[in-house]
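>>> fold the following.
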Amino acid sequence: MKKSFLIRSAAALAVAAALASCGGGTNYTIGGVVYGLQPNSTLVLTTNGMEVSVTQTGKADASGNVPNVSYSFPKQLEYGEVYNVIPQVASTAADGTVTYKQPAHQTCVASGRISDTAGRLSEISADYTCALVAPTIGGVVKGLVTGSVVLSNGSDATTTIAAATTPTNPPADIPYSLGAVTYGKTYGVTVTSSPAGYNCSVVNAVGTMGDNAVGNIDVTCVATPP
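Take a look at the predicted model:
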């Protein structure tokens with residue numbers, strides 16, 4: 001009887017050791033850090049039927065840097081469960097394209113291991129990094145027949161637009177882009193150099209950047225009298 005009990009005890013210990021070696025009996029917390037989340041904004045993350053709202057309650061410093069925000073989901077996962085931490089879904093198109101909800105004026109992308117199997121790593125760090133959107137500014141150049149015009153957005157960007165190699169009558173509009181501008185920043189487009197024999201002017205040159213690209217900063221070049 002004693003021998004049988006010892007055998008059963010040894011077997012139980014072996015099973016327990018095997019479970020411990022493969023993670024059996026251990027639960028895992030899904031969490032991480034959201035970097036760059038702007039003040040008073042929220043990123044909603046989901047996985048395994050759970051949802052957590054990550055809110056930035058801190059303030060930006062003089063350089064615009066914001067505190068990192070740690071988060072964790074309310075329930076733990078068992079060993080072997082698969083997780084996939086993604087933002088809350090906003091919509092799904094007919095072709096299957098998914099649009100995710102983002103904090104106002106920001107885009108957040110995964111910067112950690114957001115999808116895996118619980119227990120494969122000792123710690124689950126499903127991190128995200130957020131940044132203010134930065135659409136582009138631009139427009140078209142009208143009336144340019146020869147030479148090139150140079151445009152600037154302050155000291156941030158400069159671009160040179162050359163006349164078409166094959167002129168048309170009337171001259172075709174020439175599209176241009178002056179790069180990206182971060183949400184909330186002001187822009188001011190000026191003509192820094194006009195081609196010889198032309199006077200070039202800008203419309204809609206000044207503004208404050210919103211969520212969408214600006215494409216109506218047009219430049220018109222007019223030939224000056226000889």
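>>> was I right about residue 186 contacting residue 209?
Yes - with contact defined as CB atoms under 8 Å, residue 186 reaches residue 209; the gap is 7.4 Å. The C-beta positions use only the backbone N, C-alpha and C, and glycine is treated the same way.
>>> which residues touch residue 157?
178, 179 (CB atoms under 8 Å, 6 or more residues apart in numbering).
>>> that one pairs with what?
Residue 157 forms beta bridges with residue 153, as assigned by DSSP bridges.
>>> how close does residue 138 sit to residue 128?
30 Å (CB to CB, to the nearest Å).
>>> ok, residue 186 and residue 209, which is more surrounded?
residue 209 (22 against 11; other CB atoms under 10 Å).
>>> nearest residue to the more buried one in space, please, no chain neighbours.
With sequence-adjacent residues excluded and distances taken as CB to CB, 6 or more residues apart in numbering, residue 209 is closest to residue 181, at 4.3 Å.
>>> residue 199 versus the one you found, what's the distance?
Using CB to CB, residue 181 is found at 27 Å from residue 199.
>>> what's the answer for residue 124, then?
Residue 124 is 63 Å from residue 199, by CB to CB.
>>> more neighbours, these two?
residue 124 (25 against 12).
>>> who does the more buried one bridge with?
residue 30.
>>> that one contacts residue 47, correct?
No - using CB under 8 Å, residue 124 is not in contact with residue 47, being 9.9 Å away.
>>> any common contacting residues for these two?
30, 83.
>>> right, and the helix or strand after the worst-scoring helix or strand of the chain on mean pLDDT?
Least confident helix or strand of the chain, by mean pLDDT, DSSP states H and E, is helix 2-21 with a mean of 42. Once helix 2-21 ends, the next helix or strand along the chain (criterion: DSSP states H and E) is strand 27-28.
>>> now that next one: mean pLDDT?
Strand 27-28 carries an average pLDDT of 93.
>>> can you tell me how far the closest residue to residue 46 other than its chain neighbours sits from residue 44?
The shortest distance from residue 46 to any non-neighbouring residue, by CB to CB, 6+ apart, is to residue 88 (5.6 Å). Separation of residue 88 from residue 44 (CB to CB) stands at 4 Å.
>>> quick check: neighbours shared by those two?
The contact lists of residue 88 and residue 44 share 51, 101, where a contact means CB under 8 Å, 6+ apart.
>>> so between these two, which is more surrounded?
The neighbour comparison of residue 88 against residue 44 (other CB under 10 Å) goes to residue 44, with 16 against 13.
>>> list the contacts of the more buried one.
51, 52, 53, 54, 87, 88, 101 are the contacts of residue 44 under CB under 8 Å, 6+ apart.
>>> 6 Å instead, please
By CB atoms under 6 Å, 6 or more residues apart in numbering, residue 44 lies in contact with 53, 88.
>>> could you do the one 3 residues further on as well?
The neighbourhood of residue 47, defined by CB under 6 Å, 6+ apart, consists of 83, 84, 85.
>>> show me what it is bridged to.
In beta-bridge terms (that is, DSSP bridges), residue 47 pairs with residue 50.
>>> so which residue is smack in the middle of the protein?
residue 107 (3.3 Å; CA atoms, centre = their mean).
>>> which of the three states applies to residue 64?
coil (DSSP: H, G, I helix; E, B strand; the rest coil).
>>> check what pLDDT it gets.
91.
>>> list the contacts of it.
Applying CB under 6 Å, 6+ apart to residue 64 gives no contacts.
>>> distance of it from residue 135?
Distance from residue 64 to residue 135, by CB to CB: 18 Å.
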